[in-house]
Every structure is written in C-alpha cells, then in structure tokens.
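Undergrad: For reference, the sequence and a predicted model appear below.
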Amino acid sequence: LTSRGMMLFGAGFIVTQEEAKALGLGVVEGLENHIRAYRNGRDLAQSPRGVMVIDLFGFTADEVRERFPSVYQHVLERVKPERDQNKDKAIRENWWLHGRTRPELRGYLAGLSRYIATAETSKHRIMQFLDADVLPDNKLIGIACDDALVLGVLSSRIHAAWALAAGSRLGVGNDSVYVKTTCFETYVFPDPTFEQQTQIRDIADRLDAHRKRQQAQHPKLTMTGMYNVLEKQRAGDALTAKEQVINSLGLVSLLRELHNDLD
C-alpha cells in the first residue's frame, strides 16, 4: 500500500531538536508521539537535517492546550496567524493540525517498525527504509512494508528502469517523478524461490545499512553524491578528485557491488 506523506502548511510545525527539547520533549510524558523526526525529499537525496515536526493528529485544540501547553502556545503563535488567512475553511478551523493529515497512511503504517520511502522527484531512484516514527513530507512516497524483500525488488535496476519509463519528468534537470499509480501499482513483482527471497532480503538489508552507516560516519556525504559516483563507475568514466573523495568516504565501489549482487 502506498501513499504520499503528510502535507504541511506553515513552517511553524517544523522545529529543531533544541526547540523540541524546549517544548518539553524528553520531559513531558507522551510528547514523543507528537514531536517526531521528519524527512522530506532533500533529506533523502542529500542527508538528514535532523529536524522534527509537531504532529497533533487526533487531538482537539482544547486537548492540546491541556496536555501540552508549551506546544499549544507554539502553534498558537506561529501557525494560527497564517491559518486565519487561509481560504480553506477546514484548514482555517483546524489550525493546529497538518493541512492533510493522511489518515490512510497512518493506518497503513500501524504496527510496522519501518517502511520504505522514496523521494517523489529525484535524479536517482533510491529506495530506503525509514523508522516508523519518522513522519514523511508530502513530497515523499511511502510504501507500507517492512520486508527487505520488497525493498530489494524495488532497489533493482529492473524496477529503476521501469519507474523511469512509467513515471514522468520534472524541472530543469529533467529529474524522474515516481508516480505511485503507474510506477508501483502496475509493477509486476517476481515470484522468487525461498532461497532467492532469503538472498534478496540479506542484500537489501546490507545495502540499506551500508548507506546509512557511511552517512552517519560522514555527515556531509550525500546520497546523490554517492549515486553520481556509482553511475560514473558503471559508465567506466574517470572520477574527478572530488568524486574520488566521495568514493572513499561512501565506499561506493562496495555500494556498486551490493547493487550488482542484488541485480
């Protein structure tokens, strides 16, 4: 099951980790469920910024005021003035909530420890796992599955080629757009043997862990940078000095080997 992520109206919902602590995160009971890690397309294509988002889905304004007064004042001051000017009555009256709360995606993700995500528009079609407590932006496509078998299939060059042909293009860079109705819902998944399933899951988990590990060790290392180098390696092109550094930090030759094994 696939869905767009949450659509946010107003920057007042986005907070830094320091701001989240000032609002009571880590101290006020239950607040960890309503100030959550947040990812958008830039976070996936480049590297996570570490920002968080206030998510008050399921609460009335009075309930927020009673349970989380600091959060209430924050959105009252930073979100409500903008929402008061919104022409959409539902958004104006429910000013403390995201513009599109995506209850269907929340239902899909219930009970999962992680899910697959990809940036809707991206130079490279990269699929990765996000922890279930991460709230996705509306420019991400969320796939409600925690099985590395599915991640592996979607990370193959076969699916990447299919998504390129079945999707659309956008922007000056003519980047590919992952249209879930044509790229995912029409994709014919393989019927692997049990042994093949085990192999695909193992490689996919190692692929996902490899990229996350290298980015954690080198915060300036971007996913786009690694895959730019990977494409040059595949084409047999010489790497520039900057690309050699990315290859070294990202262990891109190993990344390429994992993709080759997966394919």
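TA: Cool, the structure landed.
Undergrad: next structured bit after the lengthiest helix in the chain?
TA: For the chain, the longest helix by residue count, based on DSSP state H, is helix 194-217. Next helix or strand after helix 194-217 toward the C-terminus (DSSP states H and E): helix 223-235.
Undergrad: thinking again about what came up before, and the angle for the longest helix of the chain with helix 223-235?
TA: 120 degrees (axes from the mean of the first three to the mean of the last three CA atoms, to 10 degrees).
Undergrad: What is helix 194-217 packed up against?
TA: strand 128-131, helix 148-154, helix 223-235, helix 241-250, helix 252-262 (3 or more CB pairs under 8 Å, 6 or more residues apart in numbering; DSSP states H and E). For every residue, glycine as well, the C-beta is placed using N, CA and C.
Undergrad: what are the phi and psi angles of the closest residue to Ala119 other than its chain neighbours?
TA: Nearest non-adjacent residue to Ala119, counting by CB to CB, 6 or more residues apart in numbering: Gly41, 3.8 Å away. Torsion angles at Gly41 (phi, psi; degrees, to the nearest 10) stand at phi -60, psi -40.
Undergrad: who are the neighbours in contact with Glu231?
TA: His124 (CB atoms under 8 Å, 6 or more residues apart in numbering).
Undergrad: So for it, what's the pLDDT?
TA: You'll see Glu231 listed with a pLDDT of 97.
Undergrad: Could you do Asn174 as well?
TA: Taking Asn174 on its own, its pLDDT is 79.
Undergrad: Could you do Gly5 as well?
TA: Model confidence at Gly5, given as pLDDT, is 64.
Undergrad: what's the answer for Pro190, then?
TA: For Pro190, the pLDDT comes out at 94.
Undergrad: what angle do the longest helix of the chain and helix 252-262 make?
TA: Using the same axes, to 10 degrees, helix 194-217 lies at 160 degrees relative to helix 252-262.
Undergrad: burial measure for Asp237, as a count.
TA: 11 (other CB atoms under 10 Å).
Undergrad: next helix or strand past the helix or strand harbouring Tyr72?
TA: For Tyr72, the element it lies in under DSSP H and E is helix 69-78. On the C-terminal side of helix 69-78, the nearest following helix or strand under DSSP H and E is helix 80-83.
Undergrad: And that next one, what's buried?
TA: Within helix 80-83, the residues that count as buried by 16 or more other CB atoms under 10 Å are Arg83.
Undergrad: For it, what does the pLDDT average out to?
TA: 93.
Undergrad: picking up where we left off before, test my guess that the residue nearest to Ala119 contacts Lys123.
TA: No - using CB atoms under 8 Å as the test, Gly41 is too far from Lys123 to be in contact (10.9 Å).
Undergrad: between the two, which one's more packed in?
TA: Set side by side, Gly41 and Lys123 show more neighbours around Gly41, with 20 against 17, by other CB under 10 Å.
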